[in-house]
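1. Quick one: sequence and predicted model below, then my questions.
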Amino acid sequence: VQLQASGGGLAHTGGSLTLSCAASGFMTDYWTISWHRQAPGKEREGVSCISLLDGRVDYLDSVKGRVTISRDNAKNTVYLQMNNLRPEDTAVYYCALTRGHICDIRHGADYWGKGTLVTVSS
């Protein structure tokens, strides 16, 4: 299994970024892809997830209304559109893959990709 995250970078407060997670090396749609983040000095937290089977999603309360997760099953790619970014969104963002079709950001993951850094300046 490989997970390749991309799209991080520098944004100003109020700006937007779209992260991509290209997944490969697994069969079927009985998986969930999630995004997690870890800010300096803080624990990692789940941001959003999407079921590859039925498209159900889940979001961290602090990003609801600003973040949209979507999938392109044909490309095995999941996107995280982040709008109205805040300095507190600054973190390394990781995409992860979990067996099963139930999407819950509180769940751990079976496979992790390398992170991509998002920095939001005030």
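-> Perfect, thanks for sending it. Residues are numbered from 1 along each chain as shown.

2. how much space between the residue nearest to residue 12 when sequence neighbours are not counted and residue 13?
-> Spatial nearest neighbour of residue 12, excluding adjacent residues (Cβ to Cβ, 6 or more residues apart in numbering): residue 121 at 5.5 Å. For the C-beta atoms, the positions are set from N, CA and C on the backbone; glycine is no exception. Per Cβ to Cβ, to the nearest Å, residue 121 is found 7 Å from residue 13.

3. How about residue 97?
-> With distances taken as Cβ to Cβ, residue 97 is found 31 Å from residue 13.

4. In terms of packing, which of these two has more residues around it?
-> residue 97 (22 against 13; other Cβ atoms under 10 Å).

5. circling back to that earlier point, anything in contact with each of residue 121 and residue 13?
-> Common contacts of residue 121 and residue 13, defined by Cβ atoms under 8 Å, 6 or more residues apart in numbering, comprise residue 87.

6. The residue nearest to residue 12 against residue 9, yeah?
-> No - in this structure residue 121 lies outside contact range of residue 9 using Cβ atoms under 8 Å: 11.2 Å.

7. Contact partners for the residue positioned nearest the centre of the chain?
-> Nearest residue to the geometric centre of the chain (Cα atoms, centre = their mean): residue 35, 2.3 Å. Contacts for residue 35 (Cβ under 8 Å, 6+ apart) come out as 19, 21, 46-49, 69, 78, 80, 93-96.

8. Alpha carbons only: can I get stretch 60-69 in PDB?
-> Listed in PDB are the C-alpha atoms of stretch 60-69, where the atom choice follows Å, rounded to 0.1, in the frame of the first residue of the first chain:
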ATOM      1  CA  LEU A  60     -13.500  17.500  12.900                       C
ATOM      2  CA  ASP A  61     -15.800  20.100  14.400                       C
ATOM      3  CA  SER A  62     -13.300  23.000  14.000                       C
ATOM      4  CA  VAL A  63     -13.100  22.500  10.300                       C
ATOM      5  CA  LYS A  64     -16.800  21.900   9.500                       C
ATOM      6  CA  GLY A  65     -18.000  24.400   6.900                       C
ATOM      7  CA  ARG A  66     -14.500  25.200   5.800                       C
ATOM      8  CA  VAL A  67     -13.200  21.800   4.600                       C
ATOM      9  CA  THR A  68     -14.600  19.400   2.000                       C
ATOM     10  CA  ILE A  69     -13.300  15.900   1.400                       C
END
